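# This is a predicted model, with the sequence first.
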Amino acid sequence: MKKRDTSHWEKNNYTPALLLFAETLEEATFHYSYESYKIPALNCHFLCYDIIQTAKDIERKVLMDGNFIPLSEEFEQILREDVFIASCIDNNKTLLYAKDKNSVYFDLSICDLKTKINRYPEIAVFIKDVCETGNTYLRFILSLIIDNIFSDVYSYENSSIIYTMSRMLISDLVNSGYSKEYVYTTIIDYFFNPHKPVMCNEDTVVGFFNCFTFEEYNYQVIFGINRKAARIFSKLDSITVRIPNGYEKRLLNLQREDDSVAIYKIETIDPYSAFINAANFINTILALHRVNQHESKLFITSKAIVEKQKADDIYENGILVQSSINPMKKKGNSSDLHALFDDITLINNIDPPVAFYRAIALHNGAIESKDISNQLLNLWTIIEVLIDTKRDNEDKINTICSTLGAILNRCYIYSCLEQLLTDIRVCSPSDIDTVLSQIEIEEQDIDAVEKFALILSLEKYKHLLLIILSNVEEYPLLTHRIKMYSEHIFADSQSIYEHLHRHGKRIQWHIMRIYRNRNMIVHNGAYMPYRDIIVENLHYYVDVLIDTLMEYYRIGFLNHNSIYKNILSEEASYYVSLGMPMNKKVKAKAIQLTEDNALQLIFNGYNGNMVKKAVDRALNNSKVNDVQPSSQLTENVLSKESASN
């Protein structure tokens, strides 16, 4: 989370709720958000598009029938739980009921897969039409957000609705065609521009919605090109080639005397989308020449000047737009020392399976690729290479879903609390570590995240929780998350289980969504509008999978079957410890969290990547003493890790 100045905001009783709205919007569209905070790929509106398209692809034999199973599960849950469906379409929960030949109603959700593939698209088309007629869906989101921001009594329930609806709004805008970059820059300019006062009233929220009219405008996109590319583009009627002026040379960094500019005119809803569409068109032309001539010296700038048309052949001053930040190239949290330690331990001390080397080579290919579809294919192949197991009578994709889901769930709560603690450190005016230092557990060496979990979960530390809340009161998004854990998720073992189970289910649905898009790309080059979103998620999944395998390699586990069996067994054992019996006939029980069991019930023994923590300790020690050479630090870490193992 970014620390923002709100001194230009008019403060009143509604400020916290409106600020929560703005903070949620910014976080969801910021490129380097934590994975769980990113834009949801779908809402109930665009899930309908997924249902319709997948059914068509199954009918055309592009996809197998099994692709519809997780999609139907998600669709059924949306129909049961979504507030828009309940309020505007199906308050009596009858959408999934149909009449048979005898005019007797039956429940489609308990029918066979073939029936669902035939029937669910019709329901999806109906919901889609309701959403889009008169912008009903967006109007509903606006109404619900306004009602909860400007409620006389602001509670956790209000903040939950604002948070959820804000994310659904962003999902709708991006899936409807607005580029994430445009949405993000609009949010920053509207809410966090210090030169533009923000009034905390309903008109402000309505005004933000009015920034997205879905009206198309005429743009011209100006790219810099070299002489070779100019010869090609000058032969095309759809592209204008000319000598650049001084302004264009400076912005596009054109340094050769024979450089030119290529101008492509396009109609779309925002300047960033204009750039993306124009770049795709021009790069396709260049790619065709490379296919025929294998020519690699055709140059086009990665940035362009985008100008909006004011009148016939008159364009206003443009903005400089660059290619979207490649999510594969985002700077991670690891230092060069972490990477060096990985190199030394893997090459000198461990002999990983051949599949691991193949996966790393594929990851390198994904990083270097500028094409999002190619990144998706490479990243998915990594998962298939590393999850190289298949249980009897089970499709490989189901093995991947259950295995990768367990790996991601294993570190989910710890990672979320670690990110929340990082955000508090960024935004809090006081030192959070001073608060954490007041917690000491006899005969246990617990880290900051575990201490934070105890504060959130135990009544004994309520006074420390209140201190943390008072320090982040100007950041309602952080307040909302803290209360979500302290008052709801960590209420007892059952609520922890429900939180993990729900996340695990959504992860499996999302993996299948990625798999469907992979199949679409392979078979007919198509993909869904949310492709860019799922690639960012997939990048995170691959990182976690590789990190997990490296943890196991270092303690001597080199067989992937054994590693995954251990993780799945630990997950099952964990759910039993949370009060969920293996026998469904036995009633589940809720266990209260105490100082003795809280950390086990929350984390199940997972407390971060031990190797990275060892490196961090070595780095911290080096700050106290003279800075040591990298090789010496790495040797120290190796010895510490060996001792801990």
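Sure thing, it's come through.

# List the contacts of Ile127.
Listed by CB atoms under 8 Å, 6 or more residues apart in numbering, the contact partners of Ile127 are Cys44, His45, Cys48, Ile85, Ile89, Leu95. Where C-beta positions appear, they are placed from N, C-alpha and C, glycine not excepted.

# next helix or strand past the one helix or strand it maps to?
When elements are assigned from DSSP states H and E, Ile127 belongs to helix 113-132. The first helix or strand that comes after helix 113-132 along the chain, using DSSP H and E, is helix 136-149.

# List just the nearest of the contacts of Ile127 to Phe281.
Using CB to CB, His45 is the member of the contacts of Ile127 that lies nearest Phe281, at 28.4 Å.

# List the residues that contact the residue nearest to that closest one when sequence neighbours are not counted.
In space, and not counting its chain neighbours, His45 is closest to Cys131: 4.3 Å by CB to CB, 6 or more residues apart in numbering. Taking CB under 8 Å, 6+ apart, we find Cys131 in contact with Cys44, His45, Cys48, Phe84, Tyr137.

# Please tabulate those in a markdown table, including the columns pLDDT, neighbour count and secondary structure.
As requested, the contacts of Cys131 are exported to a markdown table (pLDDT from 0 to 100; neighbours: other CB atoms under 10 Å; DSSP: H, G, I helix; E, B strand; the rest coil):
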| residue | pLDDT | neighbour count | secondary structure |
| --- | --- | --- | --- |
| Cys44 | 94 | 23 | helix |
| His45 | 95 | 23 | helix |
| Cys48 | 96 | 25 | helix |
| Phe84 | 95 | 22 | helix |
| Tyr137 | 96 | 23 | helix |
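
# where do the strands sit along the stretch 1-150 of the chain?
Residue ranges of the strands in the stretch 1-150 of the chain, as given by DSSP state E, counting those that start in this stretch, are 97-99, 105-107.

# Now do the helix ranked longest in the chain: distance to the chain's middle.
Longest helix in the chain by number of residues (criterion: DSSP state H): helix 493-524. Relative to its chain's centre, helix 493-524 lies at 12 Å (CA atoms, centre = their mean, to the nearest Å).

# now swap in stretch 119-128 and tell me
27 Å.

# What average pLDDT does it get?
Here stretch 119-128 scores 96 as its mean pLDDT.

# List the buried residues of that stretch.
Neighbour-count burial for stretch 119-128, counted by 16 or more other CB atoms under 10 Å, picks out Arg119, Tyr120, Pro121, Ile123, Ala124, Ile127, Lys128.

# need those residues in JSON lines with distance to Leu404, can you?
Formatted as JSON lines, the buried residues of stretch 119-128 follow (distance: CB to CB, whole Å):
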{"residue": "Arg119", "distance to Leu404": "30"}
{"residue": "Tyr120", "distance to Leu404": "26"}
{"residue": "Pro121", "distance to Leu404": "28"}
{"residue": "Ile123", "distance to Leu404": "30"}
{"residue": "Ala124", "distance to Leu404": "27"}
{"residue": "Ile127", "distance to Leu404": "30"}
{"residue": "Lys128", "distance to Leu404": "30"}
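
# nearest to Glu473, of those residues?
Relative to Glu473, the closest of the buried residues of stretch 119-128 is Ile127; by CB to CB it sits at 39.6 Å.

# how far away is that closest one from Ile141?
Noted for Ile127: a distance of 15 Å to Ile141, by CB to CB, to the nearest Å.

# tell me the contacts of Asn277?
Counting by CB under 8 Å, 6+ apart, Asn277 touches Ile266, Thr268.

# follow-up on the earlier one: tell me which of the strands of the stretch 1-150 of the chain is the most buried.
Highest mean neighbour count among the strands of the stretch 1-150 of the chain (mean count of other CB atoms under 10 Å): strand 97-99, with a mean of 12.

# Format the contacts of Cys131 as CSV; extra columns: distance to Glu202.
Shown next, in CSV, are those (distance: CB to CB, whole Å):
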residue, distance to Glu202
Cys44, 25
His45, 24
Cys48, 30
Phe84, 20
Tyr137, 19
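
# Would you mind listing the residues in contact with Ala588?
By CB under 8 Å, 6+ apart, Ala588 lies in contact with Gln494, Tyr497, Gly579, Met580, Pro581.

# before we move on, the earlier item: just want the angle from the helix holding Ile127 to helix 136-149.
70 degrees (axes from the mean of the first three to the mean of the last three CA atoms, to 10 degrees).

# Val62 touches Arg518, doesn't it?
No. At 11.8 Å, Val62 does not count as touching Arg518 under the criterion of CB atoms under 8 Å.

# Which of these two has more residues huddled nearby?
Arg518 (21 against 18; other CB atoms under 10 Å).

# Pull out the buried residues from the helix or strand just after the longest helix of the chain.
Moving toward the C-terminus from helix 493-524, the next helix or strand (DSSP H and E) is helix 531-554. Neighbour counts using 16+ other CB under 10 Å place 531-542, 544-550, 552-554 of helix 531-554 among the buried residues.

# cool, and stretch 490-498?
For stretch 490-498, by 16+ other CB under 10 Å, it's Phe490, Ala491, Asp492, Ser493, Ser495, Ile496, Tyr497.
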